[in-house]
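K.L.:
Sharing a model that was predicted from the sequence below.
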Amino acid sequence: MKIHSEFGDEIRRLRALNRLYQRQVASELDIDTPMLSKIERGERMAKKDQVEVLAKLYKTNKETLMALWLADQLYEIVKDEKVAAYALKVAERKVKFKREKR
């Protein structure tokens with residue numbers, strides 16, 4: 001099932017910007033080209049460790065890619081819930097509180 005993937009859109013954009021073929025990137029990720037294509041189209045989710053590989057390969061900010069990846073993960077969890085927006089606000093408060101305690 002296709003989702004709108006912020007992460008997929010960004011890694012496709014970065015791949016084009018770096019003038020790399022899907023087969024080159026897939027090889028770096030140790031996956032096949034069709035799997036990378038599905039990740040870029042939002043039909044599959046990348047693995048967390050693949051985010052770091054992509055950030056290094058594309059020479060881009062790892063935290064930005066990780067945030068987009070995580071946002072897609074969160075969306076998949078809450079997308080069909082009526083209270084999704086409220087749940088995300090509660091989670092945001094918890095994250096802010098935890099950060100402030102450090």
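P.N.:
Thanks, I have it. Here the structure is a predicted model, which is why all the values come from computation and not from measurement. Residues are numbered from 1 along each chain as shown.

K.L.:
going forward, measure contacts and count neighbours with C-alpha atoms only.
P.N.:
Fine.

K.L.:
any weak-confidence spans in the protein?
P.N.:
Along the chain, the parts satisfying pLDDT under 70 run over 1-3, 98-99, 101-102.

K.L.:
switch to 50 and redo it
P.N.:
Across the chain, nothing is flagged by pLDDT under 50.

K.L.:
what residues are up against the residue most central in space within it?
P.N.:
Centroid-nearest residue in the chain: residue 69, 2.0 Å away (criterion: Cα atoms, centre = their mean). Going by Cα atoms under 8 Å, 6 or more residues apart in numbering, residue 69 touches 6, 7, 46, 48, 51.

K.L.:
Apart from its neighbours in sequence, what residue is nearest the first one?
P.N.:
Translated: residue 6. Closest residue to residue 6 apart from its sequence neighbours, by Cα to Cα, 6 or more residues apart in numbering: residue 68 at 5.9 Å.

K.L.:
for the strand or helix carrying residue 49, packing partners?
P.N.:
Per DSSP states H and E: residue 49 is located in helix 48-58. The helices and strands touching helix 48-58, judged by 3 or more Cα pairs under 8 Å, 6 or more residues apart in numbering; DSSP states H and E, are helix 6-17, helix 22-29, helix 62-78.

K.L.:
Any buried residues in the last one, and which?
P.N.:
When burial is assessed from 16 or more other Cα atoms under 10 Å, helix 62-78 yields the following buried residues: 65, 66, 68, 69, 72.

K.L.:
One more: stretch 29-47?
P.N.:
Buried residues in stretch 29-47, counted by 16+ other Cα under 10 Å: 29, 33, 35-37, 39-46.

K.L.:
which residues are in contact with that stretch?
P.N.:
With contact meaning Cα under 8 Å, 6+ apart, stretch 29-47 is reached by 1-5, 7-9, 11-12, 22-23, 25-27, 50, 53-54, 69, 73.

K.L.:
Could you identify the buried members of those?
P.N.:
Applying 16+ other Cα under 10 Å to the contacts of stretch 29-47 flags 5, 7, 8, 9, 11, 12, 22, 25, 26, 54, 69 as buried.
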